[in-house]
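**Q** using only what follows, build the 3D model:
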Amino acid sequence: MSLRSKIVLVLGIVAVLYVALDVFLLRRMIAEPFRALEEGEAEKDVARVKAGLDGVLEDLVVRARALAGHADAARFVAGGEGSFAADVLQDDVLQRLDLNLLCFAAGDGTVRWSRAEESARRGPVHLREFPSGSIVEWHPVNVARGNGLASSGLMITDHGPLLVASHVVHGPDGEALGIVIAGRFFDAALREALLRRMNVEVDIWPVDGELPDDVSRLRDDITSAAGPLAVAASADRLEVYTTLDDILEKPTLLMRSAFERPITRSGERILEFALLSTVATALLLLLVLLRLLNGIVIRPLSRLTHHTVELGRTEDMSARVGMQRDDEIGLLSREFDGLMGKLEKSREQVIRTSRLAGMSEIATGVLHNVGNVLNSVNVSANLAKRKTEQLAVTDLAAVKDVLLEHKSDLGGFVTSDPRGRQFLPFLDELARAMVGQKRDILEELRSLTGGMEHIIELVRSQQRYAGLSGVFEPTDLGAEIDAAVNICGQAFGGVDVVRVRRDYELLERVPVDRNRLMEILVNLLQNARQALQEPGVERRRLWLRVRAGAGGRVRIEVADSGVGIPRENLTRIFTHGFTTKRTGHGFGLHAAANAATELGGRLSVDSEGPGRGASFVLEIPVGRNRPVGAAA
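**A** Next comes the predicted model:
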């Protein structure tokens, strides 16, 4: 992901989080208070509805008190004669008093007069809760036998909810002679009269009766709530549920008041405007920040990045960014250009140093390989010198002197003189001795010549190392191994000191760079020689094997019974500079491993530990016709 995309992504996330937080806060600060305000207003309207019902009850109490205070009311309820019935209890008394129920009962509960009518048709109705014979003592409105003067409340009847109020009728002496009961149905006409000025829609159902489905699901919540329960029925309708208690203070009616939601709509409009303003502000800030970041940061960094990529592709250290700025990016650009200038100079120095180091490594390789061969050349030269010094030249000179003394009579000297008769056997023995000495000297000279030729080839191959590929030619591997043993043979101290065992599988000639192969073999044999000459090695054995390997490869193994190699050194033995010898320099086996890689092969080592000898295995491909790069 590019830097520009990352910045856009981060800024976008920040903007979304900002909008989300603002929405949350606005809803908490605007929507919630508006909703709470609207619910509070609705609950106030419900409270006013309840207050209106309480007002109706107070009016009923007033009317009952007025009837109870009539001059003939006490005599009427006590069972006496009077004009109360004729003057007050006329047929239209309920209509005149705007009542649905009026009842007079004596102190013992006997009903003196009772009438109930429905407002709709003004016909008489029978209310089971108010029998025409007697009002029981425990009736909720019976206050004649209690300590109170009046009672009021709501009752559920067969004809609907009824608001009732009762008042005690006192005698001349103040004693309670009976009660007056006034009632009014809580019907649609009364609700309309109550709610006409409140603009409230009210529905009433008995709590234990059949309810609409949406109300039935809320019945438990409504009856258990401490106060009115507000429910948002829709975006435009708020419903407030409450219960109305009967005269015994038990929930009897469930009332639903419905209200429009102008306050919430106003709050939502304010919230929508605030949200749009927030989103617009966030987008504007996002665009401004992107514009600023693009001009101040992204574009300069893109230019610097492009320059760096091109620098890596072209490796042109002379190219410069050239960004003229006074801020941190300009400082970074100038420092980068300065660093590239220093790096260009350092690169030139590194190239020169690397070239010198390469020449040094090549020279070290040449000297090491030449040194290995020179050990054998030195031994062969010393042996040739010693054998030359041992030639019977003095005996030949003595024979010459004797012949000169008897040159006048050589025949007689040889046949008659006792010394002369020994002359021919002596010459024969001398000739055989000199022939043997000549053969030994020639053998050492051939070994010396072979070593010198190998030194010459080593120098030539190292001269070709930098650019020219080695020559791959069909080679008898067994013969090359024997030639390497012959070069290093005198350094081993002779076959009487080190027993060499050869096991060559009969193979066809293998295409290989003979100089590289000889370099590897001489290094391995010299390493084996040093391992066999360490103190404590009793049985000095050297095994040379050639086998056909897997995958079209040939295995050449050089194993010895020397001091062995610790397990922890097996992975480091081919590392440049690693050595366990006091006089070693750690280059031979490293050079041998590199030469094996150039041949397309691999050089490995194995040892069972100290005192258990070591085995070096060279694997080379049979079908290679060109070398590869050296190992690192």
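**Q** may I see the buried residues of stretch 180-188?
**A** Neighbour-count burial for stretch 180-188, with 16 or more other CB atoms under 10 Å as criterion, is recorded at 180-187. Using the backbone N, CA and C atoms, a C-beta is placed for each residue, glycine as well.
**Q** ignore what I typed, I meant stretch 540-549.
**A** Under the neighbour-count rule (16+ other CB under 10 Å), stretch 540-549 has 540-546 buried.
**Q** count of neighbours near the residue nearest to residue 218 when sequence neighbours are not counted?
**A** Of all residues beyond its chain neighbours, the one nearest residue 218 is residue 241 (6.3 Å), with distances taken as CB to CB, 6 or more residues apart in numbering. Using other CB atoms under 10 Å, residue 241 has 21 neighbouring residues.
**Q** wait, residue 241 sits on residue 229?
**A** Yes: with contacts defined as CB atoms under 8 Å, residue 241 counts as touching residue 229 at a distance of 4.6 Å.
**Q** what touches both of these two?
**A** By CB atoms under 8 Å, 6 or more residues apart in numbering, residue 241 and residue 229 have these common neighbours: 218, 222.
**Q** and the buried residues of stretch 540-549, which is closest to residue 46?
**A** When these are compared for distance to residue 46, the smallest value, 109.8 Å, is given by residue 545; criterion: CB to CB.
**Q** you'd agree that closest one is in a helix?
**A** No: when the secondary structure is assigned by DSSP: H, G, I helix; E, B strand; the rest coil, residue 545 falls in strand instead of a helix.
**Q** these two touch, right, it and residue 481?
**A** No: checked against CB under 8 Å, the pair residue 545 and residue 481 is beyond contact range at 9.4 Å.
**Q** ok, of the buried residues of stretch 180-188, which one's closest to residue 173?
**A** The closest of the buried residues of stretch 180-188 to residue 173 turns out to be residue 180 (CB to CB; 18.6 Å).
**Q** which residues does that closest one contact?
**A** The neighbourhood of residue 180, defined by CB under 8 Å, 6+ apart, consists of 64, 67-68, 73, 77, 102-104, 166-167, 169.
**Q** ok, 6 Å please
**A** Contacts for residue 180 were tallied using CB atoms under 6 Å, 6 or more residues apart in numbering; they are 64, 67-68, 104, 167, 169.
**Q** okay, and the beta partners of it?
**A** With DSSP bridges applied, residue 180 shows beta-bridge pairing to residue 104, residue 167.
**Q** helix, strand, or coil at the residue nearest to residue 612 when sequence neighbours are not counted?
**A** Sequence neighbours aside, residue 564 is the residue nearest to residue 612 in space, at 4.5 Å (criterion: CB to CB, 6+ apart). When states are read from three-state DSSP, the local structure at residue 564 comes out as coil.
**Q** buried ones in the helix or strand harbouring residue 268, by neighbour count?
**A** Using DSSP states H and E, residue 268 maps to helix 262-293. Buried residues in helix 262-293, defined by neighbour count with 16+ other CB under 10 Å: 263-264, 267-268, 271, 274-275, 278, 282, 286, 290, 293.
**Q** okay, now the unreliable bits of the stretch 451-600 of the chain?
**A** The model of the stretch 451-600 of the chain has pLDDT under 70 over residues 451, 454-470, 489-497, 582-586.
**Q** can you map out the helices along it?
**A** Shown for the stretch 451-600 of the chain, the helices assigned by DSSP state H, counting those that start in this stretch span residues 477-489, 514-532, 588-598.
**Q** mind listing what's buried along the first one?
**A** Residues of helix 477-489 classed as buried by neighbour count (16+ other CB under 10 Å): 477-478, 480-489.
**Q** now, which of these sits nearest residue 135?
**A** Distances from residue 135 to the buried residues of helix 477-489, taken as CB to CB, are shortest for residue 477 (136.8 Å).
**Q** so the closest residue to the closest one other than its chain neighbours bridges to which residues?
**A** If the residues on either side of it in the chain are set aside, residue 477 comes closest to residue 546, at 5.2 Å by CB to CB, 6+ apart. Taking DSSP bridges, one finds residue 504, residue 556 as the beta-bridge partners of residue 546.
**Q** OK, contacts around residue 546?
**A** Counting by CB under 6 Å, 6+ apart, residue 546 touches 477-478, 504-505, 556.
**Q** just curious, which of the residues you listed is nearest to residue 48?
**A** Sorting the contacts of residue 546 by how near they are to residue 48, with CB to CB, puts residue 556 at the top with 113.4 Å.
**Q** three-state assignment of residue 445?
**A** Under three-state DSSP, the three-state class of residue 445 is helix.
**Q** could you list the domains of the chain?
**A** With domains defined by automatic domain parsing, the chain comprises 69-191, 349-468, 470-632.
**Q** need these in TSV (columns: distance to residue 18).
**A** What follows is the domains of the chain, written out as TSV (distance: least, CB to CB, whole Å):
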stretch	distance to residue 18
domain 69-191	51
domain 349-468	53
domain 470-632	55
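**Q** for residue 44, find the nearest of the ones you listed.
**A** domain 69-191 (18.1 Å).
**Q** strands of the stretch 1-150 of the chain, start to end?
**A** With DSSP state E, counting those that start in this stretch as the criterion, the stretch 1-150 of the chain has strands at 101-106, 111-116, 150-157.
**Q** closest one to residue 620 among those strands?
**A** strand 150-157 (113.3 Å).
**Q** and the nearest residue to residue 233 once chain neighbours are set aside, what element?
**A** Taking CB to CB, 6+ apart as the measure, residue 233 lies nearest to residue 239, with 4.9 Å between them; neighbours along the chain are not counted. Using DSSP H and E, the element containing residue 239 is strand 237-245.
**Q** okay, now the sheet partners of that strand, with direction.
**A** With DSSP bridges as the test, strand 237-245 is paired with strand 229-234 (antiparallel), strand 251-260 (antiparallel).
**Q** buried residues in it, which are they?
**A** Of the residues in strand 237-245, those buried under the neighbour-count criterion (16+ other CB under 10 Å) are 238-244.
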